[in-house]
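A.B. asks: quick one: sequence plus predicted model below, questions after.
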Amino acid sequence: MKLYQKTAAELSRLLQNKEITAVEVLNSFMERVDEVDPQLKVFITCTFDSALETAAAVDHRRMENEKLHPLAGVPVAIKDNFCTEGIKTTCASKILESYIPPYDAAVVEKIKSIGMPILGKTNMDEFAMGSSTENSAFFVTRNPWDLECVPGGSSGGSAAAVAAGMVPFALGSDTGGSIRQPAALCGITGLRPTYGRVSRYGLIAFASSLDQIGPLALNALDCSLLLEAIAGYDQRDSTSLHREVPQYSAAVDRELEGVKIGLIKENISANFDPEIKDAVLKMAALFEENGASVTEVSLPHTDYGLSAYYLIAPSEAASNLGRYDGVRYGFSANGDNIFSLFSRTRGQGFGTEVKRRIMIGTYALSAGYYDAYYLQAMKVRTLIRRDYEKAFQNFDIIVGATTPTPAFKLGEKADDPLQMYLSDVCNITDALAGVPSLSIPTGLHSKGLPMGMQLTAAPLNEGLLFQAAAVLEKCNDSSPVGRPSILPVEGSCRNGI
Amino acid sequence: MSDDFIREVEHVARLARLLLNSKEKELMADQLGAILDTARKVREIDTAGIEPTAHVFSIPAFLREDAISPSLPVEKVLQNAPKKMKSYFLVPSITAIEEE
């Protein structure tokens, strides 16, 4: 087995036992990137040189018997909407094409202080708006299971990178499904943590009441390790929760005896792909075999989630994206006066989906429509939140399919925004409620594509999700989907765009 | 495409200070109607007496100590500025009449 085929936890153990070096690990992943990235197109920017410096420094410190973090020397990839000091951060947008942040995001600081080499910045939908990574201003990323299919989005680059073994785990962001949906479509594990669990300082804002940072990895243990590394209070993010970070990785050894699991009625009775629903039921049966109870639970306002989300998120985006005005940073168009500078900069700098969302949000917030749209959506959000509070009075974990279908073809939904929005339909209500939600693979569809199930718990109960996911992994001989086989071709991504 | 829709799109784009070309205006007029029809579903629910959710948790904000801490140096803040002069961002006239 090559090093790039190992999980982060295995690499961590081998590194700590001094059986391998961080430079060896990194070389294996860099070779893998060179082999498969020309086909998959994951990285907007590769940062191999600085990654090598980090790895060499870790090896040196380990030789000196310095006490290091268990993840020191384990490489990671980062979605290109996290600010990285001195490294181009584009948000996959023309408007930030040459933006070089003067500071690191809070999670990037943590990753660096641990000594985790950063392999590069991954492709995404522009400003994280999309479900297929086709909205990137630069190029389209492909699904490692089928190069004609999308990897999902908006964290499609991070998901494809992990699935293809280019990196053991990666960071993404999830506003309305952008970690869980691509994780499901790429056959990996991805967590949207509790709102406020991870500091968003330095994450380029999309919809501030929804944005959250989380890990994408091969299994629950790796997800828990990366969450432990990035979670915690940060005074620079006013929504950051002032709560202890538990040892999440300890949860994967716990049994499921007595755990109450709810099968979400509205999800499982929806008109989704039958194979996906069958796979969820199969996993539910495994929960029962392991001592958990499984009964149905209803979230009665589920049907209103999509409409509330597509008012709230664009409204917040319209406000957040007002900062791209061509004055302080980013692309700037020529304008004779301040108004033409603003409107031309945005007109030339933003792509179609971003413009569409700015238009929806501006409309929903404009005079005469605010009460009927934005305020009403925020009230519906309260009702959705209450559905969850009620469900968690009787259940520890609630589950359903992560996506209605497996990965769709490139271009299939590109011209139909509503169809594209619907691919996040299972992910949106969790985001509106602010609760933690984990997508795990359930098996391969007859089309040869992975399918996913989503496990959701009450706020700050991420450990329970890892616990349940790990039990299923043990029943499924580590993963019900395994790894995609990608044939290497010659080439290199080292120059990025 | 009706002129009314196009005028509505132009109005909203102007509020957003977002310049759209004529093709984009037509696309938006075409698509925004369908998206807003879907969004209108929120109006089917009676929300009388329901408080809006702006923040999902009613945990009081944790206040940090009001202490001075270092900020980014001016040259770093200006490093990405499209136009600058001395330690300032440079912008075109801000008193002109809005035209587009």
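C.D. replies: All right, it came through fine. None of the values given here were measured: they were computed from a predicted structure. Residues are numbered from 1 along each chain as shown, chains lettered A, B, ... in the order given.

A.B. asks: could you report the neighbour count for residue B:33?
C.D. replies: 13 (other C-beta atoms under 10 Å in any protein chain shown). Where you see a C-beta, it was placed from the backbone N, CA and C, and this is true even at glycine.

A.B. asks: what distance do you get for it to residue A:156?
C.D. replies: Residue B:33 sits 29 Å away from residue A:156, going by C-beta to C-beta, to the nearest Å.

A.B. asks: which helix is the longest one in chain B?
C.D. replies: Using DSSP state H, we find that the single longest helix of chain B is helix B:22-39.

A.B. asks: anything in the following helix or strand past that helix near chain A?
C.D. replies: The helix or strand immediately downstream of helix B:22-39 is helix B:74-77, counting by DSSP states H and E. Yes - for helix B:74-77, a contact with chain A is found by C-beta under 8 Å from any C-beta of the partner chain, at B:76, B:77.

A.B. asks: name the residues of helix B:74-77 that are buried.
C.D. replies: residue B:77 (16 or more other C-beta atoms under 10 Å in any protein chain shown).

A.B. asks: from the chain's centre, how far out does the following helix or strand past that helix sit?
C.D. replies: From helix B:74-77 onward toward the C-terminus, using DSSP H and E, the following helix or strand is strand B:84-85. Its chain's average C-alpha position is 26 Å from that of strand B:84-85, according to C-alpha atoms, centre = their mean, to the nearest Å.

A.B. asks: what does the helix or strand following strand B:84-85 rub up against?
C.D. replies: Following strand B:84-85 in sequence order, the next helix or strand is strand B:88-89 (DSSP H and E). By C-beta atoms under 8 Å, 6 or more residues apart in numbering or on different chains, the residues outside strand B:88-89 that reach it are A:327, A:328, B:78, B:81, B:83.

A.B. asks: residue contacts, the second one?
C.D. replies: In this structure, residue A:328 makes contact with B:80, B:81, B:89, judged by C-beta under 8 Å, 6+ apart.

A.B. asks: SS state for it?
C.D. replies: What DSSP: H, G, I helix; E, B strand; the rest coil gives for residue A:328 is coil.

A.B. asks: please report how far it lies from residue A:87.
C.D. replies: For residue A:328, the distance to residue A:87 (C-beta to C-beta) stands at 19 Å.

A.B. asks: check the fourth one too.
C.D. replies: From residue B:81 over to residue A:87 the distance is 19 Å, taken as C-beta to C-beta.

A.B. asks: about what we covered before: of the contacts of residue A:328, keep whichever come out buried.
C.D. replies: Among those, the ones that count as buried by 16+ other C-beta under 10 Å are B:80, B:81.

A.B. asks: so where is chain B shaky, pLDDT-wise?
C.D. replies: B:1, B:59, B:61, B:97-100 (pLDDT under 70).

A.B. asks: go ahead and flag the most central residue of it.
C.D. replies: Centroid-nearest residue in chain B, with C-alpha atoms, centre = their mean: residue B:16, separated by 6.2 Å.

A.B. asks: leaving out chain neighbours, which residue sits closest to that one?
C.D. replies: Among residues not flanking residue B:16 along the chain, residue A:362 sits closest, at 4.2 Å (C-beta to C-beta, 6 or more residues apart in numbering or on different chains).

A.B. asks: up against chain B, what does the stretch 351-497 of chain A have?
C.D. replies: A:352, A:355-356, A:358-360, A:362-364, A:366, A:372-373, A:375-383, A:385, A:417-418, A:421, A:432-434, A:459.

A.B. asks: restricted to buried residues, select those residues in PyMOL.
C.D. replies: Listed next is the PyMOL selection for buried residues among these, using 16+ other C-beta under 10 Å:
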select buried, chain A and resi 352+355+356+358+359+360+362+363+364+366+373+375+376+377+378+379+380+381+382+383+385+417+421+432+433+434+459
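
A.B. asks: among the residues of the stretch 351-497 of chain A next to chain B, which are in helices?
C.D. replies: A:352, A:355-356, A:358-360, A:362-364, A:376-383, A:385, A:417-418, A:421, A:432-433.

A.B. asks: if we can go back for a sec, test my guess that the residue nearest to the centre of chain B contacts residue A:363.
C.D. replies: No - applying C-beta atoms under 8 Å, one finds residue B:16 not in contact with residue A:363, separated by 9.1 Å.

A.B. asks: still on that earlier bit, list the contacts for the residue nearest to residue B:16?
C.D. replies: Applying C-beta under 8 Å, 6+ apart to residue A:362 gives the contacts A:318, B:12, B:13, B:15, B:16, B:18.

A.B. asks: can you tell me which of those residues is nearest residue A:468?
C.D. replies: residue A:318 (37.9 Å; C-beta to C-beta).

A.B. asks: what sits up against stretch A:268-286?
C.D. replies: Contacts for stretch A:268-286 (C-beta under 8 Å, 6+ apart): A:261, A:263, A:294, A:296, A:399-401, A:403-406, A:425, A:442-443, A:445-446, A:451-453, A:471-472, A:475-476, A:480.

A.B. asks: no wait, stretch B:38-54
C.D. replies: Taking C-beta under 8 Å, 6+ apart as the rule, stretch B:38-54 contacts A:209, A:301, A:303-304, A:306-308, A:310-311, A:360, A:364, A:372-373, A:375-383, A:385, A:418, A:421, A:432.

A.B. asks: who's in contact with residue A:376?
C.D. replies: Per C-beta under 8 Å, 6+ apart, neighbours of residue A:376: A:311, B:42, B:43, B:47.

A.B. asks: tell me how many other residues surround the second one.
C.D. replies: Residues lying near residue B:42 (other C-beta under 10 Å) number 28.

A.B. asks: I'd like the distance between it and residue A:385.
C.D. replies: For residue B:42, the distance to residue A:385 - C-beta to C-beta - is 14 Å.

A.B. asks: do the same with the last one
C.D. replies: With distances defined as C-beta to C-beta, the gap from residue B:47 to residue A:385 amounts to 13 Å.

A.B. asks: residues contacting the closest residue in space to residue A:373 that isn't next to it in sequence?
C.D. replies: Distances taken as C-beta to C-beta, 6+ apart put residue A:364 closest to residue A:373, at 4.0 Å, once the chain neighbours are dropped. With contact set as C-beta under 8 Å, 6+ apart, residue A:364 has these partners: A:311, A:314, A:315, A:370, A:373, A:374, A:377, B:39.

A.B. asks: many thanks, have a good one.
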